[in-house]
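Q: Quick one, what's the 3D model for this:
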Amino acid sequence: MLSTLFILILSLGLSILMTVHYLRKKAWSLFFWSAGMWGFTISVALELAFAAGLYNEILIKSYLFAVAALVALLAIGSVELTQNNRVKIAYGIYNISTVVILLLSLTETSIGNILSGGVVYGSLPVPVIIGSSLVTFPAAVILFAMSLISYRRTGQARFLNITAGIIVVSIAGTLYIANFPSILYIAEFIGIFLLWLGFVDLRTIFHNAEARSEHVHGGV
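A: Numbering: from 1, shown residues only. Have a look, this model is predicted:
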């Protein structure tokens with residue numbers, strides 16, 4: 001539970017930082033990226049609730065939806081970086097269609113109790129697996145491709161961290177299907193750490209802090 005709480009704190013902090021960044025820049029890509037991080041934060045919060053013994057059909061279905069939605073939102077944010085409106089519209093239509101399929105699969109099937117020792121552990125109904133896969137797999141491919149393209153254009157290593165972090169986070173959300181609950185939480189920690197390195201430019205933060213300090217001391 002402590003490791004999940006630590007991951008929750010990290011993801012909550014990154015979600016807040018990205019939301020603030022969006023409010024300053026007003027860019028749609030940042031809006032969807034921050035929304036995706038909030039989805040990740042919600043999924044980790046639900047894992048913490050499961051570890052505390054809270055469980056019902058609504059919670060587990062909300063968790064499964066959040067795990068898929070966060071990957072889709074991150075992918076939409078990446079697609080927003082392109083200048084091709086046809087690609088944006090096509091992927092938007094695909095996303096809406098697959099999310100509807102996922103929602104129908106969640107509402108029409110019974111999940112049951114798939115917890116073991118407070119950890120999400122167990123197989124899911126086939127319709128839910130299909131619906132989730134339709135949302136997450138194409139999104140993961142888009143995220144990987146767009147991050148590599150951004151790296152080639154800018155040469156900034158942070159895009160490699162974002163790529164790796166997104167891939168790990170995407171995989172983490174589905175590891176319970178393969179009955180690897182311990183790897184699920186390790187992957188979430190590694191993924192959120194890499195995303196921190198990618199989305200939060202620590203060197204710029206430190207540089208700005210030093211500049212402000214020098215300005216203050218220089219004005220005294």
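Q: Can you give me the neighbour number for the residue nearest to residue 196 when sequence neighbours are not counted?
A: Among residues not flanking residue 196 along the chain, residue 14 sits closest, at 5.8 Å (Cβ to Cβ, 6 or more residues apart in numbering). (Each C-beta comes from the backbone N, C-alpha and C, glycine too.) A count of neighbours around residue 14, defined by other Cβ atoms under 10 Å, yields 22.
Q: For residue 14, which three-state class applies?
A: Following DSSP: H, G, I helix; E, B strand; the rest coil, residue 14 is assigned to helix.
Q: Do I have it right that it meets residue 192?
A: Yes. The pair residue 14 / residue 192 is scored as a contact, 6.8 Å apart, by Cβ atoms under 8 Å.
Q: Does the lengthiest helix in the chain pack against any helices or strands, and if so which?
A: The longest helix of the chain (DSSP state H) is helix 126-154. With contacts taken as 3 or more Cβ pairs under 8 Å, 6 or more residues apart in numbering; DSSP states H and E, helix 126-154 sits against helix 57-79, helix 85-108, helix 158-172.
Q: can you give me the offset of it from its chain's centre?
A: For helix 126-154, the separation from the chain centroid amounts to 11 Å (computed by Cα atoms, centre = their mean, to the nearest Å).
Q: And residue 199, how far from residue 52?
A: Using Cβ to Cβ, to the nearest Å, one obtains 29 Å as the distance from residue 199 to residue 52.
Q: now residue 26
A: The gap separating residue 26 from residue 52 is 38 Å, by Cβ to Cβ.
Q: Could you report the neighbour count for residue 111?
A: Residues lying near residue 111 (other Cβ under 10 Å) number 17.
Q: An error on my part: the question was meant for residue 19.
A: The burial count assigned to residue 19 is 17, neighbours taken as other Cβ under 10 Å.
Q: pLDDT value on residue 38, please?
A: At residue 38, the model reports a pLDDT of 92.
Q: Equivalent analysis for residue 103, please.
A: Residue 103 is assigned 94 on the pLDDT scale.
Q: How many residues are close by the residue nearest to it when sequence neighbours are not counted?
A: Closest residue to residue 103 apart from its sequence neighbours, by Cβ to Cβ, 6+ apart: residue 65 at 7.2 Å. Using other Cβ under 10 Å, residue 65 is surrounded by 21 other residues.
Q: Contact partners for residue 65?
A: 102-103, 106 (Cβ atoms under 8 Å, 6 or more residues apart in numbering).
Q: Contacts only, for the closest residue to residue 139 other than its chain neighbours.
A: Spatial nearest neighbour of residue 139, chain neighbours left out: residue 75 (3.6 Å); criterion: Cβ to Cβ, 6+ apart. Contact partners of residue 75, counting by Cβ under 8 Å, 6+ apart, are 91, 95, 138-140, 142-143, 146.
Q: Make CSV out of the residues you listed and add neighbour count.
A: Shown next, in CSV, are the contacts of residue 75 (neighbours: other Cβ atoms under 10 Å):
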residue, neighbour count
91, 20
95, 20
138, 17
139, 28
140, 20
142, 21
143, 26
146, 23
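Q: This completes my enquiry, with thanks.
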